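> Below is the sequence, then the predicted model.
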There are 2 protein chains.
Amino acid sequence: MIQDMTIGQAAKSSAVSAKMIRHYESIGLLPKAQRTDAGYRLYDEADVHTLRFIQRARSLGFPLETIRTLLALWRNRRRSSAQVKDLALSHVADLERKIAEMQAMVRTLKHLAHHCHGDDRPDCPILDDLAG
Amino acid sequence: MIQDMTIGQAAKSSAVSAKMIRHYESIGLLPKAQRTDAGYRLYDEADVHTLRFIQRARSLGFPLETIRTLLALWRNRRRSSAQVKDLALSHVADLERKIAEMQAMVRTLKHLAHHCHGDDRPDCPILDDLAG
DNA sequence: TCTTGACCTTCCCATGATAGGAAGGTCCAT
DNA sequence: ATGGACCTTCCTATCATGGGAAGGTCAAGA
């Protein structure tokens, strides 16, 4: 028997905060939840399944707009796996670009810090670099 | 002779947009600029030097609040280089943590994508993973 | 039955760094 | 004097998330 649950319970079983569940509904990422007479949102197992899908996709860094598309593909039995793979690989490319940027920062900073005495004296190659 | 310049010229010579220069002033990262009678902001070479400092620090990924501190240290002749080095290395640690997170995402995504045919068929290990 | 506490609702505001745009004023060259 | 390039302030948006206020609901225990 599938029990309906309140937003707090759905939040716990999906690891998506109640705040975010409401937000996802407000931007149309989730369909409008059913309501009790008192106005409380109600969720069933299928809803929680969707929430877990979103949670997992977020944990892999997918932006919500991409998740919107992924959800549509998930629900579409006539999808092509190529579409999904394209989304994933283009997200990988985004991540790798950002990683490379940050690695360049790290390289420069470590180099500068390596040459900085890090003692009580004011002389500092890091500030010298920033000051140009 | 050091010529004063308008915000647009200061923007060009510092690679900081006029929009951002105003913003930095509004949050107190920059002192209030001098003004002409008509209310136009005026900048001199020292101001541009500060703007370049900020620009360079931003390009190394320092958050504005840290840059606020870095600027203070830069101006303080009695600073210790240890303080600067600490800020830089703790920023490096932040970057490395974020890099590691993203690398984990990339690893997972590449693994999943590797097992996805990427053809016209709907079967997709990526969606299977997201669906749990 | 009443109270209490845990839950729910909506609405507004904040984050961090940046950009876009509207409405209006200024300055300079033609 | 006119036009265009510049400046001003103010509001809005991005992206994903959280905090909190004010108020309604529900279930359990006294």
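Yes, it's here. Numbering: from 1, shown residues only, chains lettered A, B, ... in the order given.
> what bits of chain A have low per-residue confidence?
A:1-2 (pLDDT under 70).
> rerun at 90
A:1-3 (pLDDT under 90).
> residue boundaries of the strands in it?
A:34-35, A:41-42 (DSSP state E).
> now the ones you listed as CSV including mean neighbour count and distance to DNA strand D?
Yep, even glycine has a C-beta here, placed from its N, CA and C like the rest. Output for the strands of chain A, formatted as CSV (neighbours: other Cβ atoms under 10 Å in any protein chain shown; distance: least, Cβ to the nearest atom of the strand, whole Å):
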stretch, mean neighbour count, distance to DNA strand D
strand A:34-35, 11, 10
strand A:41-42, 18, 11
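> Please convert those strands to a markdown table, extending it with distance to B:Leu73.
Formatted as a markdown table, the strands of chain A follow (distance: least, Cβ to Cβ, whole Å):
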| stretch | distance to B:Leu73 |
| --- | --- |
| strand A:34-35 | 56 |
| strand A:41-42 | 51 |
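> Minimum distance to B:Gly8: which of those strands has it?
With respect to B:Gly8, and counting by Cβ to Cβ, the nearest of the strands of chain A is strand A:41-42 at 51.3 Å.
> how about the top helix by length along chain A against chain B, any contact?
Counting residues, the longest helix in chain A under DSSP state H turns out to be helix A:81-114. Yes. Judged by Cβ under 8 Å from any Cβ of the partner chain, helix A:81-114 comes into contact with chain B through A:81-82, A:84-86, A:88-89, A:91-92, A:95-96, A:98-99, A:102-103, A:105-106, A:108-110, A:112-113.
> ChimeraX command for the buried members of those?
Selecting only the buried entries of the residues of helix A:81-114 next to chain B in ChimeraX, with 16 or more other Cβ atoms under 10 Å in any protein chain shown as the criterion:
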select /A:81,84,85,88,89,91,92,95,99,102,105,106,108,109,112,113
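> interface residues of chain A facing DNA strand D?
A:17, A:19-20, A:23, A:36-40, A:58, A:63-65 (Cβ under 7 Å from any atom of the strand).
> Just among those residues, which is most surrounded?
Sorting those by how many neighbours each has (other Cβ atoms under 10 Å in any protein chain shown) puts A:Met20 first, at 18 neighbours.
> Please see if the longest helix of chain A touches DNA strand C.
No. Judged by Cβ under 7 Å from any atom of the strand, helix A:81-114 and DNA strand C are separated, with a smallest distance of 12.7 Å.
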